[in-house]
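Novice: Sharing a model that was predicted from the sequence below.
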Amino acid sequence: MGSGLEHGGIEFVVAAYAITYVVLVAMLARAIGARRRARAEYDSASKGEFRT
Amino acid sequence: MSPASADSLGPPKPAPAWLGWLSLLFFLFTQAYAVLTSPADESMGHLQKILYVHVPSAWVTFGAFGVVLVASLLFLWRGDERSDLLAASSAEVGSMFCGLTLVQGMLWGRPTWGVWWSWDARLTSTLVLFLIFVGYLALRSFVEDPQRRGQWSAAVGILGAINVPIVWMSVRWWRTLHQIQSNPKAVSPIYLRGWILNVIAFTLIAIWLIWRRYEAARFERAAEHAAQAAALGGNNG
Amino acid sequence: MAFRDDVRRIRAIVWKDLTTERRSKAGFNSVASLGVTILVLFGLALGPANDMLQAAAPGALWLAVLFAGVLAFNRSYQVELDGGALEALLLYPGARWAIFAGKLIANLIFVTLMLVIVVAVGIVLFQVTIPPKWPQILLVLMLGVVGIVALGTFYAAMSSRSRAREVLLPLLLYPMLIPVMLAAMEATKAFLSGNALIEAGAFIQMLTLFDVIFLVATFLAFEYVIEV
């Protein structure tokens, strides 16, 4: 089917990397954020405040 | 009805900070190394560079599912809620990498075969795996009771994991039945080192992500336990 | 002997499930009608040219069985759930697998009867010529049904007791059944078109292997799923 460059390979490579990095950063942010929120919830719960 | 380890479910041990930084630095290094120093392939040209994110993402996907399998088995065997939370965290992270693998595969396939989707055995099997992940996560979201949620998702996770090689073999056999030659990604071994390095890098990142996600889940459960204890009026030390 | 008790229990469950269905004949009739309706829809979607229909017949048949059968699976737990009988059933000091076996056999009978109707209608609607190898097709049909019913009965034990039962069962079940569906559809296709002397054994082997693996897995896992 010819070399990848015939169909213009480079933009696909760039797109793949861009999407990958964006998703990784998003996952990172979510992991950190979720942990922070859950931690805060735990801290307040163990102090006896009732958070629904 | 609370699991035996309910009282011991305190806050989790945190992921060491050095792991996060090491993973990040190693990742940046291996990515740069692979992308900048790898030569163009004779048939694929520079398209081959996609494989430096595609192959590691696929590895992480299957690795994460493996963790789901082992954690689910442990949960059914021991009943320790921590195994269940680990399975859930691994499934979340794994499903994201599964989606990534699919998108990268399609971005590789379009310039190679001219179509976005060719019902290629690998891509199709990855899509089915993605659907199994989604089913697992959907089940968890629809069940409130932690014990029931743990046992049900463990069963679903284990059966799903058993099915992964079966699906792969079925789809591949289905393709050969219709006499469609699969184009194996025949790549020369000079790329191997880059692949292995990046697989390690992605794995470290995934471990860190799963660990963080697991910590969040542990905190949530611990918060629920603490709130329950407070509501029951117990004297919590 | 404990095993004889289990067999008696299985027989009781099968009898109860089936007679509840028969007394509400509407249950079977509506599921079978749904299967036929799905066939009609496929015919409309793919027809009216004969060659298209004949090529699509195996796929349409199996999908009709799958979609209609899913209704049967959730309903097979409905009876106990409505009466609160499930807890009572679990109080008996019996092996859980016997409950699963009973439901499985009842569903098997139910889906097989529906299959007969769907196949008969399908032959007519899709211009299917009955090939000389029709006994093998029957074997394929039975093996495929066993796979569908085993996993369907298992997942329905969960979905029927959850909030989103209509979407949860298909969502969990369909991806899991892909190997069965592929093997069954291709086997049906091969036998209908009259070729494939060699592949015949391979199809049967694959379906049998799948059935064995998942029968064992679901029997082992059922007690974890029904207890909680």
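Specialist: Perfect, thanks for sending it.
Novice: check contacts around the residue nearest the centre of chain B.
Specialist: With distances taken as CA atoms, centre = their mean, the residue of chain B nearest its centroid is B:Gly94 (1.9 Å). Applying CB atoms under 8 Å, 6 or more residues apart in numbering or on different chains to B:Gly94 gives the contacts B:Val60, B:Thr61, B:Gly63, B:Ala64, B:Phe65, B:Val67, B:Val68, B:Phe133. Where you see a C-beta, it was placed from the backbone N, CA and C, and this is true even at glycine.
Novice: Tell me the one of these nearest chain A?
Specialist: Taking CB to the nearest CB as the measure, chain A lies nearest B:Val60 of those, at 10.7 Å.
Novice: tell me the contacts of the closest one?
Specialist: B:Val60 neighbours (CB under 8 Å, 6+ apart): B:Val93, B:Gly94, B:Phe97, B:Phe202, B:Thr203, B:Ala206.
Novice: what do you get for A:Ala40?
Specialist: Counting by CB under 8 Å, 6+ apart, A:Ala40 has no contacts.
Novice: Quick check, pLDDT for it.
Specialist: Here the pLDDT value assigned to A:Ala40 is 86.
Novice: So what's the gap between the helix or strand harbouring it and the chain middle?
Specialist: Using DSSP states H and E, A:Ala40 sits in helix A:9-46. Distance of helix A:9-46 from its chain centroid, counting by CA atoms, centre = their mean, to the nearest Å, is 2 Å.
Novice: Go through it and flag the buried ones.
Specialist: Going by neighbour count (16 or more other CB atoms under 10 Å in any protein chain shown), the buried part of helix A:9-46 is A:9, A:12-13, A:16-17, A:19-20, A:23-24, A:27-28, A:30-31, A:34-35, A:38-39, A:41-42, A:45-46.
Novice: next one: stretch C:40-60
Specialist: So for stretch C:40-60, counting by 16+ other CB under 10 Å, buried means C:Phe42, C:Gly43, C:Leu46, C:Leu53, C:Gln54, C:Ala55, C:Ala56, C:Ala57, C:Pro58, C:Gly59, C:Ala60.
Novice: State the distance from the spatially most central residue of chain C to chain B.
Specialist: Note on chain C: the residue nearest the mean C-alpha position is C:Val149, at 3.5 Å, using CA atoms, centre = their mean. Distance, C:Val149 to chain B, using CB to the nearest CB, to the nearest Å: 15 Å.
Novice: Check the gap between that residue and B:Leu177 for me.
Specialist: 25 Å (CB to CB, to the nearest Å).
Novice: on that earlier part again, now, among the buried residues of stretch C:40-60, which is nearest to B:Phe75?
Specialist: Closest approach to B:Phe75 among the buried residues of stretch C:40-60 (CB to CB): C:Gly59, at 38.2 Å.
Novice: helix or strand right after the helix or strand harbouring the closest one?
Specialist: Assigned by DSSP H and E, C:Gly59 belongs to helix C:50-83. As assigned by DSSP H and E, the chain's next helix or strand after helix C:50-83 is helix C:85-91.
Novice: Could you tell me how many residues sit around the closest residue to chain A within chain C?
Specialist: Per CB to the nearest CB, C:Arg163 is where chain C lies closest to chain A, at 20.0 Å. Neighbours of C:Arg163 under the rule other CB atoms under 10 Å in any protein chain shown: 11.
Novice: Tell me the secondary structure of it, please.
Specialist: coil (DSSP: H, G, I helix; E, B strand; the rest coil).
Novice: quick one: contacts for the closest residue to it other than its chain neighbours?
Specialist: Using CB to CB, 6 or more residues apart in numbering or on different chains and skipping the chain neighbours, the partner closest in space to C:Arg163 is B:Phe142 (5.1 Å). Contact analysis of B:Phe142 by CB under 8 Å, 6+ apart lists C:Ser162, C:Arg163, C:Ala164, C:Leu168.
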